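S.K.: Generate coordinates for the sequence data below:
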Amino acid sequence: MSFYTSLSGLKNAQTDLGVIAHNIANAETTAFKKSKAEFADLVAGGANTAPNQVRGIGATLSGIKQDFGLGAIEQTGTSTDFSIIGDGFFATRNGESGKTLYTRDGSFGIDGTGYLQDGFNNRIQVFELDAAGAVVNPGTTIDALIPTANGAGAALSGVTVEADGRLNAAYTDGTVDTVGRLALASFIAPTGLRQTGSSSWEATGTSGAPDLGLPGVGQYGNILSGSLERSNVDLAEEMVGLISAQRNFQANAKAIDTASQLSQTIINLRT
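M.R.: Reported below is the predicted structural model:
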């Protein structure tokens, strides 16, 4: 039994090493959120087993939990780079599949047709505004489409976003049109979001449905244009964790080796 007990520890240490290595590899990934492997002990015994007779039989992975703590904000000078000073997520919709994803990575750009999107064809979502600047339908978002020319035929010269999420398009004739207002999403349990890669997540039953709202309101946070959120990985902390996981791996490997030697000794005694 000691073989299997130590083997579970060996596998868990390997999982821990993999999670830490993934964090380190993404230390420079925009808006990346670090993860931590969590483990639980295993015991052998039934309802009728005396409390002092319950034996431990190793450990198992209970889950890999993401830390959604904010990363440092880095100024980029690019007007279509956005960061969120708060707990919200950008809502995006894929232009091909229609799938909705949520991200903290605000590195967007304008494609050839005027859509404001990331490098994976995920278009940022905005609330449509009426002539007075009020949200038309708080429950519905649309793709952010930046007209490449205004009604007078002036060409687009730049895009900016205000702290409250108002997305403005500036034109060569000096006019500025508000295209919409960025939609931010919040979740009851963000740790329940499912990772999809590229610093994006999708909602699950565990995370709860997204609650869409406006920047500058409540927990959603404000928008800062010309900046991006860095990874929240602390390399010094990860290196300490790496050393600890490596020692756990070595200790469990040593325990397996010791159990093997004991078994061989017993076999030799019988022969």
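S.K.: Which of the helices and strands in the protein ranks last by mean pLDDT?
M.R.: helix 235-270 (a mean of 87; mean pLDDT, DSSP states H and E).
S.K.: list the buried ones in it?
M.R.: 238, 241-242, 245, 248-249, 252, 255-256, 259 (16 or more other Cβ atoms under 10 Å). The way it works is simple: take the backbone N, C-alpha and C, and place the C-beta from them, glycine included.
S.K.: How about stretch 161-181?
M.R.: Applying 16+ other Cβ under 10 Å to stretch 161-181 flags 161-162, 165-171, 179-181 as buried.
S.K.: so which pair among those residues is furthest apart in space?
M.R.: Gly165 and Tyr171 (20.5 Å; Cβ to Cβ).
S.K.: okay, and for this structure, where does confidence drop off?
M.R.: 1, 45-48, 53-54, 270-271 (pLDDT under 70).
S.K.: Apply 80 and report the result again.
M.R.: Counting by pLDDT under 80, the chain contains low-confidence ranges at 1-3, 44-56, 259-271.
S.K.: hmm, back to that, so which of the buried residues of stretch 161-181 comes closest to Ser97?
M.R.: Gly180 (22.0 Å).
S.K.: Am I right that that closest one is in contact with Asp143?
M.R.: No: contact criterion Cβ atoms under 8 Å: Gly180 and Asp143 do not qualify, at 9.4 Å.
S.K.: between the two, what contacts are shared?
M.R.: Val126 (Cβ atoms under 8 Å, 6 or more residues apart in numbering).
S.K.: Residues touching the helix or strand containing Asn168, excluding its own?
M.R.: Using DSSP states H and E, Asn168 maps to strand 166-171. With contact meaning Cβ under 8 Å, 6+ apart, strand 166-171 is reached by 116, 126, 133, 144, 146-147, 149-150, 152, 154-162, 176-182.
S.K.: can you tell me which of those are in strands?
M.R.: 116, 126, 156-161, 176-182 (DSSP state E).
S.K.: Moving C-terminal from the longest strand anywhere in the chain, which element do we reach first?
M.R.: The residue-count maximum for a strand in the chain (DSSP E) belongs to strand 55-66. Under the assignment DSSP H and E, the closest C-terminal helix or strand after strand 55-66 is strand 73-75.
S.K.: helices or strands up against that next one?
M.R.: strand 227-229 (3 or more Cβ pairs under 8 Å, 6 or more residues apart in numbering; DSSP states H and E).
S.K.: How far off centre is the strand it packs on?
M.R.: 15 Å (Cα atoms, centre = their mean, to the nearest Å).
S.K.: List the contacts of that strand.
M.R.: If you take Cβ under 8 Å, 6+ apart as the criterion, strand 227-229 is touched by 30-31, 70-76, 81-84, 104-107.
S.K.: Ok, stretch 98-110 next?
M.R.: 30-31, 33, 71, 80-84, 89-94, 116-119, 122, 124-125, 146, 159, 185, 193, 196, 198-203, 210, 227-229.
S.K.: Check stretch 249-268 too.
M.R.: Outside stretch 249-268, the residues that reach it (Cβ under 8 Å, 6+ apart) are 2-3, 5-7, 9-10, 13-14, 17.
S.K.: so of those, which ones are in strands?
M.R.: Among the contacts of stretch 249-268, no member falls in strands (DSSP E).
S.K.: Please pick the buried ones from the residues you listed.
M.R.: Applying 16+ other Cβ under 10 Å to those flags 5-7, 9-10, 13, 17 as buried.
S.K.: Can you lay out the residues you listed as a markdown table showing distance to Arg55?
M.R.: Output for those, formatted as a markdown table (distance: Cβ to Cβ, whole Å):
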| residue | distance to Arg55 |
| --- | --- |
| Thr5 | 9 |
| Ser6 | 14 |
| Leu7 | 16 |
| Gly9 | 15 |
| Leu10 | 19 |
| Ala13 | 21 |
| Leu17 | 27 |
